[in-house]
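Undergrad: Could you work out the structure for the sequence below:
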Amino acid sequence: MKYAVFCYHSEDVVCAWSREHEEAVMGKLGAVLEGHAKAGRLGPVAKLMPTTAATTIRKDNEPAIVLDGPFAETKEQLLGFFMIDCASLEEAVAFARELGEANPGGAYEIRPVEMFQDWSAGA
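TA: Residues are numbered from 1 along each chain as shown. Next up is the predicted model:
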């Protein structure tokens, strides 16, 4: 089963990190990811730009409205995601715990992924 692991944290906190702290966290995360990548279990990993770079299309209006920035106001923002292939939810939880040890604070949300279409495979 493929799982998406979403990384949430406060942008105010993360964007205030020093360059050295950011590099240390990314180094720790890289060490966690390397083993999973070598095992062939890790899919795409993406770090999102801050919500100030976002554009939201609200489609509940006619015509749809395009807004600068995120629409939802929350204390924690979606910062990125990991795709992992695990035999069980327990394995996905263990993966998220490893990420949490490397990058404390915030939250990780785990969701099973049902593949709609893998466009990278030349659909």
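Undergrad: Would you map the helices across the protein?
TA: Using DSSP state H, the helices assigned to the chain run over residues 11-14, 19-38, 89-102.
Undergrad: Residue 110 - how many residues pack around it?
TA: Around residue 110 there are 16 other residues, counting by other C-beta atoms under 10 Å. (Glycine included, C-beta is placed from N, CA and C.)
Undergrad: of the helices of the chain, which approaches residue 53 most closely?
TA: Taking C-beta to C-beta, helix 11-14 is the member of these nearest to residue 53, at 10.9 Å.
Undergrad: And that closest one, what does it pack against?
TA: When contacts are defined as 3 or more C-beta pairs under 8 Å, 6 or more residues apart in numbering; DSSP states H and E, helix 11-14 sits against strand 77-85.
Undergrad: Can you tell me the strand partners of the strand it packs on and which way each runs?
TA: strand 2-9 (antiparallel), strand 42-47 (antiparallel) (DSSP bridges).
Undergrad: Find the least confident helix or strand in this protein, judged by mean pLDDT.
TA: When the helices and strands of the chain are scored by mean pLDDT, DSSP states H and E, strand 65-68 comes last with a mean of 77.
Undergrad: which secondary structure elements does that one contact?
TA: The helices and strands touching strand 65-68, judged by 3+ C-beta pairs under 8 Å, 6+ apart, are strand 55-58.
Undergrad: quick one: low-confidence ranges for this protein?
TA: The chain contains residues with pLDDT under 70 at 70-73, 117-123.
Undergrad: for it, which residue is closest to the average position?
TA: The residue lying closest to the centre of the chain (C-alpha atoms, centre = their mean) is residue 81, at 1.8 Å.
Undergrad: Leaving out the residues flanking it, which one is nearest to it?
TA: residue 6 (4.9 Å; C-beta to C-beta, 6 or more residues apart in numbering).
Undergrad: what does residue 87 give?
TA: Nearest non-adjacent residue to residue 87 (C-beta to C-beta, 6+ apart): residue 1, at 7.4 Å.
Undergrad: and what of residue 96?
TA: residue 108 (4.1 Å).
Undergrad: Over to residue 103?
TA: Closest to residue 103 by C-beta to C-beta, 6+ apart is residue 25, at 5.2 Å.
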